[in-house]
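turn this into a structure:
(2 chains)
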Number of protein chains: 2
Amino acid sequence: MKSRVLMALGGAVAHNPPGPVLKAFLEQAGGPEAEIVIVPTASARAEAGEEFVAAFQALGQISPARILPIRERGDAHQPMHLAALRAASGIFITGGNQVRLSATFGGTPAERELVAAYARGAVIGGTSAGAAILSAVMLAFGEDGPTPRQGLAQFSAGFGLSRRIIFDQHFRQRDRLGRLLFAVAQHPGLLGVGVDENTAALVTDDACLTVIGEHAVTVVDGVDLAATDVADVAPGRPVALSGAQVHVLTAGCTFDLQTRTAVIPRQQLMME
Amino acid sequence: MKSRVLMALGGAVAHNPPGPVLKAFLEQAGGPEAEIVIVPTASARAEAGEEFVAAFQALGQISPARILPIRERGDAHQPMHLAALRAASGIFITGGNQVRLSATFGGTPAERELVAAYARGAVIGGTSAGAAILSAVMLAFGEDGPTPRQGLAQFSAGFGLSRRIIFDQHFRQRDRLGRLLFAVAQHPGLLGVGVDENTAALVTDDACLTVIGEHAVTVVDGVDLAATDVADVAPGRPVALSGAQVHVLTAGCTFDLQTRTAVIPRQQLMME
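Model (predicted):
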């Protein structure tokens, strides 16, 4: 059976020229022969997705990626778009607002095709909002910044392609540890995965996570949380928690989502 | 024997009107009868420390705090200043540049008086740079921001009043988790203690930490680090680490520096 592959990109992904993150997506989609469909729904920009079409071509894709004009719920029923999703070896979801994605796709045939594409082994990737939507429990409308606070983030249902992870993005660039800690305090059975900009978490079979790109992926594991007052604190007040495990993983590191352990490869010793 | 008491303040401490952080310092120094000496050395501002004199008076201090004009190493030998340090029930160190503090005080009689004052039970508090200087291993010249990177922070010797902690300040307001994780990866036997603005860590006998103030204190414990490549990574490259324990502690929470466990008090259940 083909592996199921997700790629959560942290936003601000190098595309001109494209770097290792988009290269890895293209490889996962089958290389030069890849059939890539781009979902621009999260964005309000008319030209959303065009930079990725160009990037994949620059990386050697033969038949250019196709931007699927799904803007309204009605579009998510269009047989032509459903056929394109069915034929794709890779589906790439742009950034924007993740609630626009869930509100447009939720319960539609296009959402079902996307989930079916993942199950048959097409790689599903998303950047920024497109990464947030991948998990079952999705961070929505969160605030950036300091302390974890009660109500700092709101949750909503994503595409459900990972049932072990809550993704966050632009992670350390926007100081989002607070909201990820809050998310994990509230869902300690899930792993918080914060992806930095121009960096990706590649997740295989919802079991193994590999880091690609420039910065890091921060994994917050709340399964051994000793204590938290998240259930009792008033809205807007800081939340305390004790015993979260944090793993900061750079390119080449892997994380086993079942045993919740990381492997950090030995660096080549640097010679001056 | 009197407890030894340190207070590490995260900077931007409310002083007009003064809040719970300065109130706690005054109490630790003996309340209205406190004899407080202010060390402005870290700051380049001529009027540094005056806001704290006013704040302690507003809180009921009878005899106003005295700003000690130690600006050069020569000043740190002045018998008059040494006598003031010897008489103090509280010593308060302002913010600025922590290396100015260590370069001015290092090896002088004034430094010895300060250490002796701590040993006899005077409270020693510092805000921002004044907090960094309190520990034996001090974060100096660190950069803010994203991923822990090789060389992100430099270390230097502080006053050595805590041998279990590395303090950092303006913590989540300046996104300093990266440098604190780096500091702990390099010194996994120490606890990284990141203090948010207008918040304080009160440390008793280098054994028990209590949180006071508006935001949180983040404790990073590296003693169970499973792996890190900090020894091998080239300068400027991201550092990976696995298995850091993180505790986010708000006002009223305590942390035992010996057992490395936190106590989070039960909140009063909130009624609407």
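
from now on I want contacts and neighbour counts done on CA atoms only, so please keep to that.
Noted.

ok, which residues in the stretch 151-272 of chain A are in contact with chain B?
A:172-173, A:175, A:215-216, A:227-229, A:232-234, A:238-250, A:253, A:261-270 (CA under 8 Å from any CA of the partner chain).

can you turn the buried part of those into a ChimeraX selection?
Here is the ChimeraX command that selects the buried residues among those (16 or more other CA atoms under 10 Å in any protein chain shown):
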select /A:172,173,175,215,216,227,228,229,233,234,238,239,240,241,242,243,244,245,246,247,248,249,250,253,262,263,264
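
now stretch A:211-231, how far from the centre of its chain.
Centroid separation for stretch A:211-231 versus its chain: 15 Å, with CA atoms, centre = their mean, to the nearest Å.

would you map the helices across the stretch 101-250 of chain A?
A:109-119, A:129-132, A:177-186 (DSSP state H, counting those that start in this stretch).

now the weakest link among these, please, by mean pLDDT.
Lowest mean pLDDT of the helices of the stretch 101-250 of chain A: helix A:177-186, a mean of 83.

which other helices and strands contact it?
strand A:191-195, strand A:216-221 (3 or more CA pairs under 8 Å, 6 or more residues apart in numbering or on different chains; DSSP states H and E).

indicate which one of the ones you listed is closest to B:Leu257.
Nearest of the helices and strands packed on helix A:177-186 to B:Leu257, taken as CA to CA: strand A:216-221 at 22.1 Å.

just how off-centre is the lowest-mean-pLDDT helix or strand in chain A within its chain?
For chain A, counting by mean pLDDT, DSSP states H and E, strand A:154-157 ranks last in confidence among helices and strands (a mean of 80). Centroid separation between strand A:154-157 and its chain, computed with CA atoms, centre = their mean, is 15 Å.

any idea what the nearest residue to A:Ala24 once chain neighbours are set aside is bridged to?
Nearest non-adjacent residue to A:Ala24, counting by CA to CA, 6 or more residues apart in numbering or on different chains: A:Ile212, 8.0 Å away. Counting by DSSP bridges, A:Ile212 forms beta bridges with A:Ala200.

contacts only, for A:Ile212.
A:Pro20, A:Val21, A:Ala24, A:Thr199, A:Ala200, A:Ala201, A:Leu202, A:Thr250, A:Ala251, A:Gly252 (CA atoms under 8 Å, 6 or more residues apart in numbering or on different chains).

if you set the cut-off to 10 Å instead, what comes out?
Applying CA atoms under 10 Å, 6 or more residues apart in numbering or on different chains, we find A:Ile212 in contact with A:7, A:9, A:19-22, A:24, A:198-202, A:249-254.

and A:Met7, by the same measure?
Here A:Met7 is in contact with A:21-22, A:24-25, A:28, A:92, A:123-127, A:130-131, A:134, A:200-204, A:209-212 (criterion: CA under 10 Å, 6+ apart).

just the ones in strands from the contacts of A:Ile212, please.
Within the contacts of A:Ile212, residues falling in strands by DSSP state E are A:Met7, A:Leu9, A:Thr199, A:Ala200, A:Ala201, A:Leu202, A:Leu249, A:Thr250, A:Thr254.

now these in CSV, with distance to A:Ala76 and pLDDT?
Formatted as CSV, those follow (distance: CA to CA, whole Å; pLDDT from 0 to 100):
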residue, distance to A:Ala76, pLDDT
A:Met7, 22, 98
A:Leu9, 24, 97
A:Thr199, 29, 96
A:Ala200, 27, 97
A:Ala201, 27, 98
A:Leu202, 27, 98
A:Leu249, 37, 94
A:Thr250, 37, 93
A:Thr254, 35, 97
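
ok, so of those, who is nearest B:Val13?
A:Leu249 (34.3 Å).

so what's that closest one bridging to?
A:Val217.

wait, it touches A:Thr261, no?
No: counting by CA atoms under 10 Å, A:Leu249 does not reach A:Thr261; the two are 11.2 Å apart.

what residues are shared contacts of those two?
In contact with both A:Leu249 and A:Thr261: A:Phe255, B:Ser242, using CA under 10 Å, 6+ apart.

format the helices and strands packed on helix A:177-186 as JSON lines; extra columns: mean pLDDT.
Output for the helices and strands packed on helix A:177-186, formatted as JSON lines (pLDDT from 0 to 100):
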{"stretch": "strand A:191-195", "mean pLDDT": "94"}
{"stretch": "strand A:216-221", "mean pLDDT": "94"}
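
need those strands in CSV (columns: distance to A:Ala84).
Converted to CSV, the helices and strands packed on helix A:177-186 look like this (distance: least, CA to CA, whole Å):
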stretch, distance to A:Ala84
strand A:191-195, 29
strand A:216-221, 32
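
deepest in the core, which of those is it.
Each of the helices and strands packed on helix A:177-186 was assessed for mean neighbour count using mean count of other CA atoms under 10 Å in any protein chain shown. The highest is strand A:216-221, with a mean of 30.

could you check the angle helix A:177-186 makes with that strand?
Per axes from the mean of the first three to the mean of the last three CA atoms, to 10 degrees, the angle that strand A:216-221 makes with helix A:177-186 is 30 degrees.

next, the angle from strand A:216-221 to strand A:191-195.
Using the same axes, to 10 degrees: strand A:216-221 against strand A:191-195 is 170 degrees.

give me the distance between A:Arg71 and A:Ser156.
20 Å (CA to CA, to the nearest Å).

could you measure from the closest residue to A:Ala122 other than its chain neighbours over to chain B?
Among residues not flanking A:Ala122 along the chain, A:Ser89 sits closest, at 4.5 Å (CA to CA, 6+ apart). From A:Ser89 over to chain B the distance is 32 Å, taken as CA to the nearest CA, to the nearest Å.

before we move on, what about A:Gln61?
31 Å.

looks like that residue contacts A:Pro32 (just checking).
Yes: at 4.1 Å, A:Gln61 and A:Pro32 qualify as touching, with contact defined as CA under 10 Å.

ok, A:Phe171 - contacts?
A:Phe171 sits in contact with A:10-11, A:128, A:144, A:177, A:180, A:193-197, A:199, A:215-218, B:146-147, where contact means CA under 10 Å, 6+ apart.

hmm, 6 Å instead?
A:Gly194, A:Val195, A:Asp196 (CA atoms under 6 Å, 6 or more residues apart in numbering or on different chains).

format these as TSV; extra columns: distance to A:Gln98.
As requested, these are exported to TSV (distance: CA to CA, whole Å):
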residue	distance to A:Gln98
A:Gly194	16
A:Val195	16
A:Asp196	17
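
just those residues now: which is nearest chain B?
A:Asp196 (8.0 Å; CA to the nearest CA).

quick check: A:Ser135 touching A:Ala157?
No: the pair A:Ser135 / A:Ala157 is not scored as a contact, 7.8 Å apart, by CA atoms under 6 Å.

looking at the two, which is more packed in?
Per other CA atoms under 10 Å in any protein chain shown, whichever of A:Ser135 and A:Ala157 has more neighbours is A:Ser135, with 22 against 16.

beta partners for that one?
According to DSSP bridges, beta-bridge pairing links A:Ser135 with A:Ser162.

quick one: it from A:Ala227, how far?
For A:Ser135, the distance to A:Ala227 - CA to CA - is 25 Å.

pick the most deeply packed of the helices of the stretch 101-250 of chain A.
Of the helices of the stretch 101-250 of chain A, helix A:129-132 is the most buried (mean count of other CA under 10 Å), at a mean of 30.

distance check, the closest residue to A:Glu50 other than its chain neighbours against chain B.
Of all residues not flanking A:Glu50 in the chain, A:Ile67 sits nearest, at 7.6 Å (CA to CA, 6+ apart). From A:Ile67 across to chain B, the span is 32 Å (CA to the nearest CA).
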